[in-house]
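# can you look at this prediction? I've put the sequence above it.
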Amino acid sequence: MEIEPIVFNPRNPGLGLDFWVALGIACLAGIALWRINRRQRERKTAGSLQPVWSLLFFIVLLIGAGTSAFFCWMNTRTGPVVITSEYLQTPMGRTPWSEVQKIYLHTDQQRSLIDPALKTGEVTKVLVVEGKNGITHLLWEDQYDLAAILEAIEKARGEELEEGETPR
């Protein structure tokens, strides 16, 4: 049975506020570092705290730039999910249904640092689609509507996925 391609867009497309805050902090730290080093060259005297402030602003610059680079990279891993009767396509690649090895919903909850048997924090759900071709598609609950995606997968494959089942 042929179905039209079903497209699921992420809930939070694009670069968010976290990226812009990290980039702003990196820019401010870079400006502060430049001003401190320029002022030290003009005075031609070594201030006792100048190296400490330079090191501090350099570390803040590295952390801010690294954080914004991480958010840019994560933005490339978030995009539309296309489901047809022949394949599943995510930003990680395209996998035909004949190449799908497992489909399951993974639930993760952070464990306590004091007692690892206790689970604390919020529960995160991830839809995992493992392919025989080595591509694993991970779809996070905070980015996608997993219930609608699971329903579309059942419709595309023509078989029902039960709770806890990992069909082959």
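That came through, no problem. Numbering: from 1, shown residues only.
# ranges for the helices of this structure?
Ranges of helices in the chain, per DSSP state H, are 17-43, 50-76, 146-157.
# looking at those, which one is packed in the most?
helix 146-157 (a mean of 16; mean count of other C-beta atoms under 10 Å). Where you see a C-beta, it was placed from the backbone N, CA and C, and this is true even at glycine.
# for that one, name the packing helices and strands.
The contact analysis (3 or more C-beta pairs under 8 Å, 6 or more residues apart in numbering; DSSP states H and E) places helix 146-157 against strand 6-8, strand 81-83, strand 100-111, strand 119-131.
# contact partners of the second one?
When contacts are defined by C-beta atoms under 8 Å, 6 or more residues apart in numbering, strand 81-83 is touched by residues 5-8, 88-90, 139, 144, 149, 152-153, 156.
# likewise for the first one?
By C-beta under 8 Å, 6+ apart, the residues outside strand 6-8 that reach it are 80-84, 144-145, 148-149, 152, 155-156.
# which stretches of the protein have low pLDDT?
1-2, 13-14, 40-47, 119, 160-168 (pLDDT under 70).
# give me the most central residue, it.
Residue closest to the mean C-alpha point of the chain, counted by C-alpha atoms, centre = their mean, is residue 74 at 4.5 Å.
# separation between that one and residue 111?
Distance of residue 74 to residue 111, computed by C-beta to C-beta, to the nearest Å: 24 Å.
# and which of the contacts of strand 81-83 is nearest to residue 126?
residue 139 (6.8 Å; C-beta to C-beta).
# wait, that closest one sits on residue 147?
No. Counting by C-beta atoms under 8 Å, residue 139 sits too far from residue 147 to count as a contact (11.5 Å).
# okay, now residue 127: neighbour count?
By other C-beta atoms under 10 Å, the residues close to residue 127 number 20.
# give the contact list for the residue nearest to it when sequence neighbours are not counted.
Excluding the flanking residues, the one nearest residue 127 by C-beta to C-beta, 6 or more residues apart in numbering is residue 139, at 4.2 Å. Applying C-beta under 8 Å, 6+ apart to residue 139 gives the contacts 81, 90, 126-127, 129, 146, 149.
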